[in-house]
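Q: sequence plus predicted model, see below.
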Amino acid sequence: MGYQFLVPNYLDYLQDFPLQIMQNMSFEKGHIMNIIAMCLCCTFGYLLYTVAGRMRKREDLDPYPVYLHCWMITIDTIGTMTFWRLLYLYHTPEQLMNGAWVFLFFSIGLPVWISMEARSIHHDIKSAVAREQNFGRLVKKGEVVTEQQARFWCYGTIAVSFFVNMYALSMLGGIKNCAIFIIWPFTNYVFALWTWRFWETRAAETGTRKYQSMALHIVILIQISLMWIPGLSWYLALTPFLHTVWYYAGGIAMSALAAYNLYKCAKLPKRDEVLPNGKKPVW
């Protein structure tokens, strides 16, 4: 009994994932909280990029390491392919009313995320400071990382990430089974897991909150917590596949890491200076 609780066999729940989504997202009274949970998830997922974009616009810096964007752009590209395919399979008015509207929503929305990631990658290739921070270790001491080198490494990372992600998702049923949905919660965890060393290094260099902000940390903490808190998690509401002790334990651990990053940022001196453009840094 205890063994089954720790290592349950939920492979049956991998069958026909699109149908599970549709059954729980149809326009029925009992699904209102599911729709609200999806709206919360998408709103804070959008803020992960818009707050970072505001920082980039004001200070010409990217708060995230570029490999995060290179990996995420492949996830959202695969997601776009997935929902275009599912929309082709489930596109009648009756199917749309019975939950397939989610496929239409993300087939339009995910390209927006792709454009934001592409802009971030373009910035990090063009910015000499960002190139040095992301790729300085790959060149000899004293050499300058060129745009051509940065572009090669970014595009190479994107290519490798795409093939690895497609391989992993194929084992979960692939595009037709909406396998991207199964790993979506974990794609939010990278915003805490893949950034904490990057931010600690920047904090040691500058002694301030430069390259991070309290607003960004709060958004990350909320978004990660929305992945696993019962009643707020859209993913838990749609499928029993994620109802395992390990899913909750992983979510708690990632929320704890996000809270640690927030705490470390709060300990750094506030930045009250006025930027050259006349604006203050993002709080």
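A: Great, that's in hand. Residues are numbered from 1 along each chain as shown.

Q: for the stretch 151-283 of the chain, give me the ranges with low pLDDT.
A: Along the stretch 151-283 of the chain, segments meeting pLDDT under 70 span 274, 278.

Q: mind listing the helices for this protein?
A: For the chain, the helices defined by DSSP state H occupy 2-6, 17-25, 32-59, 66-89, 93-95, 101-126, 128-135, 147-170, 179-193, 196-206, 214-225, 234-238, 245-267.

Q: so which of the ones you listed comes closest to residue 276?
A: Nearest to residue 276, of all the helices of the chain, is helix 32-59, at 9.2 Å by CB to CB. Glycine gets a C-beta too; all of them are placed from N, C-alpha and C.

Q: got the buried residues for the closest one?
A: Neighbour counts over helix 32-59 (16 or more other CB atoms under 10 Å) mark 34-35, 37-38, 40-41, 44-49, 51-56, 59 as buried.

Q: is it true that residue 33 touches residue 237?
A: Yes - at 7.0 Å, residue 33 counts as touching residue 237 under the criterion of CB atoms under 8 Å.

Q: related to what we said a few turns ago, got a markdown table for the helices of the chain, with distance to residue 280 too?
A: Below are those laid out as a markdown table (distance: least, CB to CB, whole Å):
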| stretch | distance to residue 280 |
| --- | --- |
| helix 2-6 | 50 |
| helix 17-25 | 41 |
| helix 32-59 | 8 |
| helix 66-89 | 26 |
| helix 93-95 | 49 |
| helix 101-126 | 21 |
| helix 128-135 | 20 |
| helix 147-170 | 30 |
| helix 179-193 | 24 |
| helix 196-206 | 16 |
| helix 214-225 | 12 |
| helix 234-238 | 35 |
| helix 245-267 | 16 |
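
Q: of all these, which lies closest to residue 281?
A: Using CB to CB, those put helix 32-59 closest to residue 281, at 6.4 Å.

Q: which strands or helices does the closest one pack on?
A: With contacts taken as 3 or more CB pairs under 8 Å, 6 or more residues apart in numbering; DSSP states H and E, helix 32-59 sits against helix 17-25, helix 101-126, helix 179-193, helix 214-225, helix 234-238.

Q: so it versus helix 101-126, what angle?
A: 20 degrees (axes from the mean of the first three to the mean of the last three CA atoms, to 10 degrees).

Q: and the helices and strands packed on helix 32-59 as TSV, adding distance to residue 159 and mean neighbour count?
A: Putting those into TSV (distance: least, CB to CB, whole Å; neighbours: other CB atoms under 10 Å) gives the following:
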stretch	distance to residue 159	mean neighbour count
helix 17-25	27	19
helix 101-126	13	19
helix 179-193	18	20
helix 214-225	27	22
helix 234-238	28	21
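
Q: TSV for those helices, including distance to residue 82?
A: TSV is the format used below for the helices and strands packed on helix 32-59 (distance: least, CB to CB, whole Å):
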stretch	distance to residue 82
helix 17-25	9
helix 101-126	8
helix 179-193	5
helix 214-225	21
helix 234-238	15
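
Q: of those helices, give the one that comes closest to residue 255.
A: For these, the distance to residue 255 is smallest for helix 214-225, at 4.9 Å, taking CB to CB.

Q: who touches that closest one?
A: Identification of contacts with helix 214-225 by CB atoms under 8 Å, 6 or more residues apart in numbering yields 41, 44-45, 47-48, 51-52, 55, 63, 188-189, 191-192, 232, 251, 254-255, 258-259, 261-262, 265-266, 282-283.

Q: residues in contact with the spatially most central residue of the chain?
A: What sits nearest the mean C-alpha location of the chain, by CA atoms, centre = their mean, is residue 188, with 3.8 Å. Applying CB under 8 Å, 6+ apart, we find residue 188 in contact with 45, 48, 223, 224, 227.

Q: could you do residue 232 as well?
A: For residue 232, the contacting residues are 37, 40, 225, 226, by CB under 8 Å, 6+ apart.

Q: tell me which residues touch the last one, please.
A: Going back to what we said before, that points to residue 226. Counted by CB under 8 Å, 6+ apart, residue 226 has contacts 37, 40, 41, 44, 232, 233, 234.

Q: what about 6 Å?
A: Residue 226 sits next to 40, 41, 232 when contact means CB atoms under 6 Å, 6 or more residues apart in numbering.

Q: and it, how far from residue 270?
A: Noted for residue 226: a distance of 28 Å to residue 270, by CB to CB, to the nearest Å.
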